[in-house]
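Engineer: based on what follows, work out the 3D shape:
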Amino acid sequence: MTVIVGLLCKDALVIASDSQESDDGAGMKRLDVVKVYDTRRFGFEDAVVIVAGTGLSAHIARAAELIKENGFAPHFTTPRSVADIVENSMGQMTARYGGDGEDFELSLLIGVYCKNCPKTGDDPPSPIGLYSVNPPEEEGLVGVAEPITDYAAMGSGGLFARYLLNRLHDDDHPTTALSIDAAIREAVYVIEEVTKVDLWCGGPTQLLYITKDGRLDRKKPQELKRIASDIANSDWTIKEKQREMFLDGPPAKRPKR
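Structural biologist: Sure thing, here's the model as predicted:
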């Protein structure tokens with residue numbers, strides 16, 4: 001099911017997800033599912049890549065294999081050239097596993113940095129890009145990689161995630177004004193909030209980012225827990241301010257953590 005969030009900020013792009021997979025038939029769930037893959041999985045030499053997927057972990061892993069196979073020969077010079085490979089891979093996934101079944105719910109979020117992106121010309125392309133790819137609605141068509149200029153949210157928890165992101169951003173406060181640290185904290189906050197209310201989302205948060213100079217990094221579980229705890233403490237103060245809009249009387253006591 002999943003919740004995935006992607007943010008394009010001032011210094012980088014950030015992609016985060018939960019790690020739960022539910023088996024409704026067996027009444028079981030896993031909390032250690034890998035939903036985000038990076039360049040090491042694909043072996044690209046001229047592009048730094050993060051790919052995150054919604055749906056079954058087997059479908060996400062198979063899509064990653066196809067992206068690696070389809071991207072073996074091309075020479076990447078722009079983020080769009082990588083997105084084209086992902087489009088083709090999504091088309092293959094839909095043709096092979098889509099059919100008339102209801103279990104094929106794969107969507108992909110791609111973050112890209114191209115090392116050989118042209119730097120000259122009247123309007124040189126940006127070496128960094130964020131794209132979302134959904135399966136085609138009609139058999140035989142290829143899902144289009146849509147460029148993301150601010151933020152994206154996918155999965156069963158995507159609707160609530162977009163609501164939270166929409167509360168934080170508008171034309172005067174775009175994600176592109178955020179520092180990388182602020183974007184990381186925001187992505188962690190959104191994933192943590194969604195997992196509180198969505199039955200099909202949960203487990204430890206996974207978060208990777210690519211800086212605008214092409215550095216790929218992953219936040220460790222201990223770091224993410226520390227960020228989440230810090231945000232939870234700050235959130236208490238915000239809740240108190242919100243209560244003041246509606247209630248009279250002394251403030252409530254802060255719970256111990």
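
Engineer: which of the helices or strands spans the residue nearest to Asp38 when sequence neighbours are not counted?
Structural biologist: With sequence-adjacent residues excluded and distances taken as C-beta to C-beta, 6 or more residues apart in numbering, Asp38 is closest to Ile50, at 5.3 Å. C-beta: built from backbone N, CA, C; applies to glycine. With secondary structure defined by DSSP states H and E, Ile50 is part of strand 47-54.

Engineer: please report how far Asn134 lies from Asn233.
Structural biologist: 37 Å (C-beta to C-beta, to the nearest Å).

Engineer: now swap in Thr120 and tell me
Structural biologist: Taken as C-beta to C-beta, the span from Thr120 to Asn233 is 48 Å.

Engineer: mind checking which of the two has more residues around it?
Structural biologist: Asn233 (11 against 5; other C-beta atoms under 10 Å).

Engineer: the more buried one: what secondary structure?
Structural biologist: Assigned with DSSP: H, G, I helix; E, B strand; the rest coil, Asn233 falls in the helix class.

Engineer: now the strands: where do they sit in the stretch 101-250 of the chain?
Structural biologist: Ranges of strands within the stretch 101-250 of the chain are 107-114, 128-133, 145-147, 151-155, 206-211, 216-218, based on DSSP state E, counting those that start in this stretch.

Engineer: can you check which of those strands gets nearest to Glu21?
Structural biologist: In terms of C-beta to C-beta, the element of the strands of the stretch 101-250 of the chain nearest to Glu21 is strand 151-155, at 11.4 Å.

Engineer: test my guess that Ser126 contacts Cys114.
Structural biologist: No. At 9.1 Å, Ser126 and Cys114 do not qualify as touching, with contact defined as C-beta atoms under 8 Å.

Engineer: overlap of the contact sets of these two?
Structural biologist: Common contact partners of Ser126 and Cys114 (C-beta atoms under 8 Å, 6 or more residues apart in numbering): Pro79.

Engineer: with neighbour numbers in mind, choose between these two.
Structural biologist: Higher neighbour count among Ser126 and Cys114: Cys114, with 25 against 12, using other C-beta under 10 Å.

Engineer: list the beta-bridge partners for the more buried one.
Structural biologist: Taking DSSP bridges as the rule, Cys114 bridges to Ala47.

Engineer: distance of it from Thr77?
Structural biologist: For Cys114 relative to Thr77 (C-beta to C-beta), the value is 6 Å.

Engineer: which residues do the two both contact?
Structural biologist: Asp46.

Engineer: what sits against Thr211?
Structural biologist: Contacts for Thr211 were tallied using C-beta under 8 Å, 6+ apart; they are Asp11, Ala12, Tyr113, Ile180, Asp217.
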